[in-house]
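*Asks:* Test case, fold it:
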Amino acid sequence: MKIFFTLGVYALFCVLLFYANLREFNVNRSFEFWYQFIVLTAISFAYGVFSYRVLRHPETPGKKMFFLAPAFFLLVFFFMRPPWYVLDDMRIYFFHAKIFVVYNENPYAVIPADFMNDAVYVFVRDWRTQNFNYGPLWLFISALPVFFTKNIVAAAWMYKAISALFFIASGWLVGRIFNNRKYAFLFALNPVVLFWGIASGHNDIAMLFFLLASLLFLKHRLFVWSFVFLGLAALIKYTALIALIAYIPYVFSRETSKKNAAVIFLRACVSCAFVIVVFYAFFGINSSAVSGSLGLANFGLTGPLYSFFSRYAPWVAEKTVSIGILFIGLALIAFYRPAHDIGSLARKITYLFIWFFLITFWFQPWYLIWIVPFLWFASEWRAAFFATVISWYALMYYLMFYTFSSAVGLVMTVFFFLPIFLVLRAYFSSKKGAFLAKKQGN
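*Replies:* Here you go, the predicted model:
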């Protein structure tokens, strides 16, 4: 009953968020700002408590709840309008795909500003001088709607449908990888995935699908296929290759012979590289084709540590220095106590992505989708706390933290929820202790 009640509260506030986005609530008007603040806070906290209830419950949610609840939330967020104050990436996908399909030009070599006479050009606001900065596989996927329509609104619905398919497949993979339907259930109801992955149609959910498929193959020791799918994930977003750093010690730990492990790892890496090179060869491999977001700069869109150093130690925030610090940290995380099973590997990948979020010079809140499937490898209270903090940080980012900095936002998030969870934990622990004492007395 407690699970149903918490789920109902969570659903209610998601519907209220649907209303706010339908009415295009503004962050600059007091009432509308506080309405969104309260709703997003309630969504994050309700989801965290719901996660705790599900993880604590001895049984997996029944079939009706397991399928109907995700279906309800998927529909709510599928028909939800993306927040108007955030750049609509679906328009960017469409315009670059149109350059590729309609104009037969290379989106890695030309920019939207070269096609100013196109009727859709007016919808591309902030990326008019930017080359396509995703992998070629995403270009092919995002080109699919262009074959069916030249209407940007219809294309946006198609991108949402594509995201929904990747979302469903990713949820299935989570259940298969960890042999735990609760993890799949909580992934399917996570507000970060639903809001930024479904409502806003970001391609991170597609990257996550290929990364999860790679993990599933890795679990079954199909190393070549695992690395091929890791390469496909990188062909959506290059940052998927961060997981490769954790794969290295894991592969060697799974083989008794280091020589055999080296041969297997080399063969798998060649397969991964071959897939990436084949896709890029179609467009010509050059600096503009693989630079991605290296040329982007916005203080409001940097990782917490990077934004902190930008103000107080600018020399650390130099891109070459910060990239060096990034890779040193990644190596230390991956090779210190290497992962030996799929659960510990998932935790390693989570730590690697978190370190990337902290130190990167280009951060977006929907990047947190990458770690959602791996949140549950902790005690129920810790999992609920992290789920709440990550949800609130990601949902509130453009509403509040973009104005200050990601570092301020992270500190605010932790110190906002930490006392609440400590009080709740102490309360429920004392309540449980009193119950056990009464039971022993009887």
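*Asks:* Find the nearest non-adjacent residue to residue 171, please.
*Replies:* Leaving out its chain neighbours, the residue that sits closest to residue 171 by Cβ to Cβ, 6 or more residues apart in numbering is residue 188, at 4.5 Å. The C-beta positions use only the backbone N, C-alpha and C, and glycine is treated the same way.
*Asks:* Just list the residues touching the one you found, thanks.
*Replies:* 69, 70, 73, 74, 167, 171 (Cβ atoms under 8 Å, 6 or more residues apart in numbering).
*Asks:* Among those, which ones are in helices?
*Replies:* Residues from the contacts of residue 188 lying in helices, with DSSP state H as the criterion: 69, 70, 73, 74, 167, 171.
*Asks:* Output the residues you listed in TSV; the columns should cover pLDDT, distance to residue 39 and neighbour count.
*Replies:* Output for the ones in helices among the contacts of residue 188, formatted as TSV (pLDDT from 0 to 100; distance: Cβ to Cβ, whole Å; neighbours: other Cβ atoms under 10 Å):
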residue	pLDDT	distance to residue 39	neighbour count
69	94	19	20
70	95	21	19
73	96	15	21
74	96	19	18
167	97	22	26
171	96	25	25
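*Asks:* What are the contacting residues of stretch 2-19?
*Replies:* Contacts of stretch 2-19 (Cβ under 8 Å, 6+ apart): 36, 39-40, 42-43, 46-47, 49-50, 53-54, 57, 61, 65, 69, 72-73, 76-77, 79-80, 189, 191, 194-195.
*Asks:* Can you give the contact residues for the helix or strand containing residue 326?
*Replies:* Under the criterion of DSSP states H and E, residue 326 resides in helix 319-335. When contacts are defined by Cβ under 8 Å, 6+ apart, helix 319-335 is touched by residues 242, 245-246, 248-249, 294, 306, 309, 315-316, 348, 351-352, 355-356, 359-361.
*Asks:* Recalculate using a threshold of 7 Å.
*Replies:* Contact with helix 319-335 is made by 242, 245-246, 248-249, 306, 315-316, 348, 351-352, 355-356, 359, 361, as judged by Cβ atoms under 7 Å, 6 or more residues apart in numbering.
*Asks:* what do you get for stretch 348-360?
*Replies:* Contacts for stretch 348-360 (Cβ under 7 Å, 6+ apart): 239, 242-243, 245-246, 302-306, 322, 325-326, 329-330, 333-334, 339, 363, 367, 370-371, 374.
*Asks:* thinking again about what came up before, now the buried members of the contacts of stretch 2-19.
*Replies:* 36, 39-40, 42-43, 46-47, 49-50, 53-54, 61, 69, 73, 76-77, 80, 189, 191, 194-195 (16 or more other Cβ atoms under 10 Å).
*Asks:* Show only the entries of those residues found in strands.
*Replies:* Judged by DSSP state E, the subset of the buried ones among the contacts of stretch 2-19 located in strands is empty.
*Asks:* Specify which member of the ones in helices among the contacts of residue 188 is nearest to residue 274.
*Replies:* residue 167 (28.9 Å; Cβ to Cβ).
*Asks:* sec struct for residue 202, please.
*Replies:* coil (DSSP: H, G, I helix; E, B strand; the rest coil).
*Asks:* Distance of it relative to residue 344?
*Replies:* When distance is defined by Cβ to Cβ, to the nearest Å, residue 202 is 28 Å away from residue 344.
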